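Participant: using only what follows, build the 3D model:
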Amino acid sequence: MGGVTASPTRNRQMLEFVARHGISAAVETFPVADVEHALDRVRRGAARYRVVLEL
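Facilitator: All right, here's what the predicted structure looks like:
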(Lines give C-alpha, C1' and ligand atoms only; values in the text may rest on other atoms or scores of the structure.)
Protein backbone atom coordinates (compact mmCIF):
# COMPACT_ATOMS: atom_id res chain seq x y z
CA MET A 1 0.00 0.00 0.00
CA GLY A 2 1.09 3.56 -0.42
CA GLY A 3 2.01 5.89 2.34
CA VAL A 4 2.44 9.60 2.91
CA THR A 5 6.16 9.32 2.24
CA ALA A 6 6.21 7.19 -0.91
CA SER A 7 4.29 5.39 -3.61
CA PRO A 8 3.42 1.68 -3.38
CA THR A 9 6.28 0.89 -5.78
CA ARG A 10 8.80 2.87 -3.73
CA ASN A 11 7.60 1.25 -0.48
CA ARG A 12 8.04 -2.21 -2.04
CA GLN A 13 11.55 -1.31 -3.19
CA MET A 14 12.44 -0.07 0.28
CA LEU A 15 11.09 -3.22 1.95
CA GLU A 16 13.00 -5.42 -0.50
CA PHE A 17 16.19 -3.44 0.23
CA VAL A 18 15.91 -3.76 4.01
CA ALA A 19 15.11 -7.48 3.74
CA ARG A 20 18.09 -8.06 1.43
CA HIS A 21 20.47 -6.23 3.78
CA GLY A 22 19.06 -7.48 7.10
CA ILE A 23 18.09 -4.01 8.28
CA SER A 24 15.62 -3.86 11.16
CA ALA A 25 13.99 -1.19 13.28
CA ALA A 26 15.73 -0.05 16.45
CA VAL A 27 13.14 -0.46 19.19
CA GLU A 28 12.82 -1.28 22.86
CA THR A 29 10.15 -3.90 23.52
CA PHE A 30 8.17 -4.32 26.72
CA PRO A 31 5.49 -6.83 27.66
CA VAL A 32 2.11 -5.14 27.90
CA ALA A 33 2.15 -5.87 31.64
CA ASP A 34 5.05 -3.36 31.91
CA VAL A 35 3.19 -0.54 30.17
CA GLU A 36 3.71 1.86 33.08
CA HIS A 37 7.48 1.28 33.02
CA ALA A 38 7.55 1.77 29.25
CA LEU A 39 5.54 5.00 29.49
CA ASP A 40 7.80 6.25 32.26
CA ARG A 41 10.85 5.75 30.02
CA VAL A 42 9.14 7.68 27.21
CA ARG A 43 8.05 10.52 29.51
CA ARG A 44 11.56 10.88 30.97
CA GLY A 45 13.12 10.85 27.51
CA ALA A 46 15.07 7.70 28.42
CA ALA A 47 13.64 5.51 25.66
CA ARG A 48 16.00 4.75 22.78
CA TYR A 49 14.29 5.22 19.42
CA ARG A 50 10.79 3.65 19.72
CA VAL A 51 9.04 1.79 22.52
CA VAL A 52 6.88 -1.15 21.43
CA LEU A 53 4.46 -3.06 23.64
CA GLU A 54 4.26 -6.80 22.99
CA LEU A 55 0.76 -8.23 23.25
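
Participant: quick one, strands of the protein?
Facilitator: 27-31, 50-54 (DSSP state E).

Participant: could you dump the ones you listed to CSV with distance to residue 41 and mean pLDDT?
Facilitator: To be clear about C-beta, it is placed using only N, CA and C from the backbone, and glycine gets the same treatment. Listed next are these as CSV, based on distance: least, C-beta to C-beta, whole Å; pLDDT from 0 to 100:
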stretch, distance to residue 41, mean pLDDT
strand 27-31, 7, 95
strand 50-54, 6, 94
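
Participant: what are the phi and psi values at residue 6?
Facilitator: Here is the backbone geometry of residue 6 (degrees, to the nearest 10): phi -160, psi 170.

Participant: what about it, neighbour count?
Facilitator: By other C-beta atoms under 10 Å, 12 other residues sit near residue 6.

Participant: do you know how far the residue lying closest to it once chain neighbours are set aside is from residue 52?
Facilitator: With sequence-adjacent residues excluded and distances taken as C-beta to C-beta, 6 or more residues apart in numbering, residue 6 is closest to residue 14, at 7.0 Å. Applying C-beta to C-beta, to the nearest Å, one obtains 20 Å for the distance of residue 14 from residue 52.

Participant: that older thread, distance of the residue nearest to residue 6 from residue 39?
Facilitator: 30 Å.

Participant: same question for residue 22.
Facilitator: For residue 22, the distance to residue 39 (C-beta to C-beta) stands at 31 Å.

Participant: more crowded one of those two?
Facilitator: For residue 22 versus residue 39, the count of surrounding residues by other C-beta under 10 Å is larger for residue 39: 14 against 6.

Participant: so what does the longest helix seen in the chain touch, helix or strand wise?
Facilitator: Using DSSP state H, we find that the single longest helix of the chain is helix 8-21. Packing partners of helix 8-21 (3 or more C-beta pairs under 8 Å, 6 or more residues apart in numbering; DSSP states H and E): none among the helices and strands.

Participant: pull the distance from that helix to the chain's centre.
Facilitator: On the basis of C-alpha atoms, centre = their mean, to the nearest Å, helix 8-21 sits 16 Å off its chain's mean C-alpha point.
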